[in-house]
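Asker: need coordinates for the following:
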Amino acid sequence: MKFSYSDIGKGKTIIFVHSYLWDKEMWQPQLEFFKDNFRCIAIDLPGHGNSLFNNISSLSELAKEIKNFIAGLNIDNYIYVGLSVGGMLAPYIYNIDKDKISKLVIMDSFSGDEPIEMKQLYFSMLDTIEREGKISEELANKIASIFFSPQIDKNSQLYLNFLKKLKGFSKDNLKYIVQFGRVIFGRENSLELLKNIQIPTYFITGEFDIPRPFHEAELMSKYVANSKLIKISKAGHISNLENSYETNKILFNIFNS
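Answerer: Have a look, this model is predicted:
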C-alpha cells in the first residue's frame, strides 16, 4: 500500500496517525511546533487525504501496512502518536514493531468494543451516506457536533472548515470512507493486546470528548503497567486542534522525557 505523507524536520522520529474523516493536515500545529527538533511524519490513512483506498478488512491488517511503510523509510526507532482510529491502531502496531517503538501516545481513542448505542448511530450514518452518495448539511452538522466539544464556536474557522470538508467529499471518495468506517466501528476488541505493551504509554483525552470519554482512557490504562493518563482541558474529540497549545505542551514533555 502506498501512503501519502508529510515528512519534515530532523532528529528523533515521531509518527503521527490521524482520526477518521480527517487527514495528515490535522497534525499541522504539532508538525510546525516540533519540526525544529524532531523528524515529524504524518500519514494519510486509506481513502483519506491523498492516500488511495485499498481493501482493508481489519485494523490489524492496516497496522501491518503502516509497519511496512515505516520500514521502507529505514526508521530504526520512533515515537508513535495516534488519535482516534490512529490510537486504535497503536496496540497492533506495537505488537508487530515493538523493537522500534520507544513510546506510545494514544489520544481520544478506545481499544475496546464500540458501545452498542454509538455503533448503531455510526452505522446508521454510514448507511445514510452510502444511500445518498453525499454528506448533507444536516448530517455534516451532526457529525461535527460529535467531533468537537459543546463549547466550540460554530462560527470558528476550525468548525467551518470541517463542515466544508465533510460536504466536499466526492461520491467515489465517500464509498471508501463508508467501507473504512465499517471496519473502524465494527472492530474487534483489542484491550487484551494492551497487556503486551512494555514501554511508556500515554493515554490522552479531551475533557469534553463525546465519542471517546475519559473513562475509556482510564480503562485502557489499567491494561498497561507503565502508563499515564492525561486530560486536555477545553477540548473535544479532536483535542490536538481544539486546544493545540496545551496539546503541544503535553507532547513536548512526553517527547523530551
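Asker: contacting residues for the nearest residue to N226 once chain neighbours are set aside?
Answerer: Nearest residue to N226, sequence neighbours excluded (Cβ to Cβ, 6 or more residues apart in numbering): P200, at 5.5 Å. (C-beta placed from N, C-alpha, C; glycine too.) For P200, the contact set (Cβ atoms under 8 Å, 6 or more residues apart in numbering) comprises 102-104, 226-228, 254, 257.
Asker: now list the buried members of those.
Answerer: Neighbour counting by 16 or more other Cβ atoms under 10 Å classes 103-104, 227, 254 among the contacts of P200 as buried.
Asker: now, those residues that are in strands?
Answerer: Judged by DSSP state E, the buried ones among the contacts of P200 include 103-104, 227 as members of strands.
Asker: in a markdown table, list those residues along with pLDDT and distance to C40.
Answerer: Below are these laid out as a markdown table (pLDDT from 0 to 100; distance: Cβ to Cβ, whole Å):
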| residue | pLDDT | distance to C40 |
| --- | --- | --- |
| K103 | 98 | 15 |
| L104 | 98 | 16 |
| S227 | 97 | 23 |
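Asker: nearest to I238, of these?
Answerer: I238 lies nearest to L104 out of those, by Cβ to Cβ, at 19.3 Å.
Asker: now the closest one, nearest residue through space, not along the chain?
Answerer: Residue nearest to L104 in three dimensions, not counting chain neighbours: T201, with 4.4 Å by Cβ to Cβ, 6+ apart.
Asker: same check, this time on Y78
Answerer: Per Cβ to Cβ, 6+ apart, closest to Y78 is T13, 4.1 Å.
Asker: doesn't K35 make contact with the one you found?
Answerer: No. Taking contacts as Cβ atoms under 8 Å, T13 lies outside contact range of K35: 11.9 Å.
Asker: want to throw the buried ones among the contacts of P200 into CSV with distance to I238?
Answerer: Shown next, in CSV, are those (distance: Cβ to Cβ, whole Å):
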residue, distance to I238
K103, 21
L104, 19
S227, 22
I254, 19
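Asker: now for these: which two are most distant?
Answerer: Using Cβ to Cβ, the buried ones among the contacts of P200 reach their maximum pairwise distance at S227 and I254, which is 11.8 Å.
Asker: contacts only, for the closest residue to F34 other than its chain neighbours.
Answerer: Of all residues not flanking F34 in the chain, C40 sits nearest, at 5.5 Å (Cβ to Cβ, 6+ apart). Residues counted as contacts of C40 (Cβ under 8 Å, 6+ apart) are 6-9, 14, 16, 27, 30-31, 34.
Asker: just M118 next, same as before
Answerer: The contact partners of M118, taken as Cβ under 8 Å, 6+ apart, are 185, 211.
Asker: what about stretch 189-207, average pLDDT?
Answerer: In this model, stretch 189-207 carries a mean pLDDT of 98.
Asker: could you dump it to PDB, C-alpha only?
Answerer: The C-alpha coordinates for stretch 189-207 follow below in PDB (Å, rounded to 0.1, in the frame of the first residue of the first chain):
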ATOM      1  CA  ASN A 189     -11.900  -5.800  21.000                       C
ATOM      2  CA  SER A 190      -8.100  -5.400  21.300                       C
ATOM      3  CA  LEU A 191      -7.900  -4.500  25.000                       C
ATOM      4  CA  GLU A 192      -6.000  -7.700  25.800                       C
ATOM      5  CA  LEU A 193      -3.300  -6.600  23.400                       C
ATOM      6  CA  LEU A 194      -2.600  -3.600  25.600                       C
ATOM      7  CA  LYS A 195      -1.200  -6.000  28.200                       C
ATOM      8  CA  ASN A 196       1.700  -6.700  26.000                       C
ATOM      9  CA  ILE A 197       2.900  -3.100  26.000                       C
ATOM     10  CA  GLN A 198       6.200  -2.700  27.900                       C
ATOM     11  CA  ILE A 199       7.100   0.900  27.000                       C
ATOM     12  CA  PRO A 200       6.000   4.300  28.300                       C
ATOM     13  CA  THR A 201       2.400   4.800  27.100                       C
ATOM     14  CA  TYR A 202       0.300   7.900  27.500                       C
ATOM     15  CA  PHE A 203      -3.500   8.000  27.200                       C
ATOM     16  CA  ILE A 204      -4.700  11.500  26.400                       C
ATOM     17  CA  THR A 205      -8.300  12.600  26.100                       C
ATOM     18  CA  GLY A 206     -10.100  15.800  25.600                       C
ATOM     19  CA  GLU A 207     -12.100  17.000  28.600                       C
END
